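J.: Take a look and give me a structure for this.
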Amino acid sequence: MIRVNRLQTLFIFALLAMGVLVTACSPSAEKLNKEGNEAFAEEIYLDALAAYEAALIESPELAEPYYNAANTLYREGAFSEATMLMQEALKYADADSLQQSGFYNTGNSSFNLQEWEAAIAAYTEALLRNPDDQDAKYNLELALQQLQQQQQEQQQEENEEQQEEQSQDEESQEDEQQDQSQSGQDQQDQDQEDQEQQPDDQSSEGDENQEQNSDDGQSQDEEGSDEQESPSQMPQPGQRMTAEQAQQLLAAIAQDTETLQERLGQIFIAPPIPPVQDW
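T.: Numbering: from 1, shown residues only. Below is the predicted model of the structure:
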């Protein structure tokens, strides 16, 4: 199949913008339109478009060349361009039959473009002009089903997006709760460790105090022992001095005479005079 030359389509749009005014349809325009129809029947679409364009140059307000050119573009899959030309044909169409066919073909172009709402509107216009058009009814039902399916899919996508966002929010909340729970557990473990360490320190301090008290007691015992040993070094009356006592006595003599007398007094205590007995 021959594809439509884009230059040909642009040339058609240029004709629409020119707005050449012709009051009556000349025989040459009708002849060119007929030649286009013959080429269209033979599926020589490029020649058909050329003939329709020539007819529009001769008679820009003739609806048939627009209508036929739109059908040619539709056959080539140029649905958007076909819709634009069909709208021009409907602008100049006087006969109800041409308008009905124009809206029907516009609905088909919109249907192929998946523009469901536009297709529904076009098929509805076609049925208003011919309620017995079964093809328009059938295509209208299809367009309505497609629109409903599209809306359901869009709604489903929106629901899935909402569910995904909700799931992400729930996961975020769960992660936050887990972090808080873990933080609380770590703090609890740390407090427990501190509590376990505190009695050990006190016990250690108590042991140190006990050791210190024990040392102090031992020191006191030693001092008491020294004090007890000092009187034991002094000779009792009637006993002889030991060598150690004699050394202490000599040391006292060297320090002070008075101390010597005191020391001697401690060593040698005169025995008491016996009482006179009454015989």
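J.: Report all helices and strands that the strand or helix carrying Phe103 contacts.
T.: Element membership for Phe103, per DSSP states H and E: helix 96-112. Using 3 or more CB pairs under 8 Å, 6 or more residues apart in numbering; DSSP states H and E, the elements in contact with helix 96-112 are helix 63-75, helix 79-92, helix 116-129, helix 134-233. All C-beta atoms are positioned from the backbone trio N, CA, C, and that covers glycine.
J.: again, only using 6 Å
T.: Under the contact definition 3 or more CB pairs under 6 Å, 6 or more residues apart in numbering; DSSP states H and E, helix 96-112 sits against helix 79-92, helix 116-129.
J.: Okay, now the unreliable bits of this structure?
T.: In the predicted model of the chain, residues 1-27, 197-241, 249, 252-279 satisfy pLDDT under 70.
J.: Next, Val250: secondary structure please.
T.: Quick fix: residue 250 reads Leu, not Val. Three-state call for Leu250 (DSSP: H, G, I helix; E, B strand; the rest coil): helix.
J.: what's the burial count for it?
T.: For Leu250, the count of nearby residues is 10 (other CB atoms under 10 Å).
J.: roughly how far apart are it and Thr242?
T.: Distance from Leu250 to Thr242, counting by CB to CB, to the nearest Å: 13 Å.
J.: cool, and Tyr138?
T.: 147 Å.
J.: Also Ser181?
T.: When CB to CB is the yardstick, Ser181 and Thr242 sit 85 Å from each other.
J.: Same question for Leu73.
T.: Distance from Leu73 to Thr242, by CB to CB: 148 Å.
J.: Comparing these two, which shows the higher neighbour count?
T.: Between Leu73 and Thr242, counted using other CB under 10 Å, the more crowded position is Leu73 (26 against 11).
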